[in-house]
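Enquirer: Quick one, structure for this:
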Amino acid sequence: MTDAIDVSQFMHAMAEIARGALTPSIPPVWERHLLSARDPPFITCVHHAYNDAPSVEAIDTIFSTNNLVRRSFFFRPTHISALRRFILDNGRCSTFDTLTAYLWRCRMKATEEHMRSMIDMLVIKDRPVLCCRLWLVSDLRRARIEEVDFGWGKAARMVPAQAFEFMNFYIPYEDGILVPVSLAAPVMEIFVKEMHGLLNFRDEATGVC
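Expert: Numbering: from 1, shown residues only. Below you'll find the model as predicted:
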């Protein structure tokens, strides 16, 4: 169990040792007891996501990267400013909220038929249990992973080693944010059209890379 900050701290610690340090500048802390069950264990809440565990085959399908098209979209500050003009509350939203709302809108437009079918299914099956099909967004802009130096310099560029349809990372790159996106080919085509329609990426020679 970890998050981007933990991964960054671990990598920085390993880099310090690789450069000759005897101990990392931030010592590790072992607080495993914080994640231990009570004695005796006692369930006090309803946890719907665990009511219907998927089969191994279903998990393989959910996490499959087969037949996915991967593209990276580069958002400059000018793109974020353009998106803020669509916000009714005088633009008082964080960059994370603004960009996530934009990507969510484009994803939903690209999978509109899927969403309509899901709504019909919820009515027919009387709200069945949701289990593990989510969209996850991880903001790496302040994790400092790109600053890790094992002795031969910082990374020129940072991208995730694996890509999943349900997960996006916000990666610091030059003066903006790089967002790798993986979708099925026909869905990606619609997704890109939606992005062009709102931000007009065509006017930006380096908008899509």
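
Enquirer: From Ala18, how far off is Leu99?
Expert: From Leu99 across to Ala18, the span is 34 Å (CB to CB, to the nearest Å). Every residue, glycine included, has its C-beta placed from N, CA and C.

Enquirer: neighbour-wise, which of those two wins?
Expert: A side-by-side neighbour count of Leu99 and Ala18, using other CB atoms under 10 Å, places Leu99 first with 22 against 13.

Enquirer: Got the phi and psi for Ser138?
Expert: Backbone torsions of Ser138, given as degrees, to the nearest 10, read phi -120, psi 120.

Enquirer: Could you report the distance from the residue of the chain most remote from its centre to His33?
Expert: With distances taken as CA atoms, centre = their mean, the residue sitting farthest from the centre of the chain turns out to be Pro40, at 36.0 Å. Using CB to CB, one gets 16 Å for the distance from Pro40 to His33.

Enquirer: next one: Ala155
Expert: Distance of Ala155 to His33, given as CB to CB: 35 Å.

Enquirer: neighbour count winner among those two?
Expert: Ala155 (12 against 6).

Enquirer: which element is the more buried one on?
Expert: No secondary structure element spans Ala155, as it lies outside all helices and strands (assigned by DSSP states H and E).

Enquirer: before we move on, what SS does the spatially closest residue to it that is not a sequence neighbour have?
Expert: Counting by CB to CB, 6 or more residues apart in numbering, Ala155 lies nearest to Glu146, which is 5.4 Å off, once chain neighbours are set aside. Three states are possible here, and by DSSP: H, G, I helix; E, B strand; the rest coil the one that applies to Glu146 is helix.

Enquirer: Would you mind measuring from Glu146 to Glu174?
Expert: In this structure, Glu146 and Glu174 are 11 Å apart, going by CB to CB.

Enquirer: Looking at the two, which is more packed in?
Expert: In terms of neighbours (other CB under 10 Å), Glu146 is the more surrounded of Glu146 and Glu174; the figures are 16 against 10.

Enquirer: Return the residues in contact with the more buried one.
Expert: Contact analysis of Glu146 by CB atoms under 8 Å, 6 or more residues apart in numbering lists Lys154, Ala155, Met158, Ile171, Pro172.

Enquirer: Buried among the residues you listed? Make that a ChimeraX selection.
Expert: Per 16 or more other CB atoms under 10 Å, the buried members of the contacts of Glu146 correspond to this ChimeraX selection:
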select :158,171,172
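
Enquirer: So Glu147 versus Ala15, what's the distance?
Expert: When CB to CB is the yardstick, Glu147 and Ala15 sit 9 Å from each other.

Enquirer: more crowded one of these two?
Expert: Ala15 (17 against 14).

Enquirer: In three-state terms, label the more buried one for me.
Expert: With three-state DSSP as the criterion, Ala15 reads helix.

Enquirer: give me every residue that touches it.
Expert: For Ala15, the residues meeting the contact criterion (CB under 8 Å, 6+ apart) are Val148, Asp149, Phe150, Gly151.

Enquirer: I appreciate the help and will end here.
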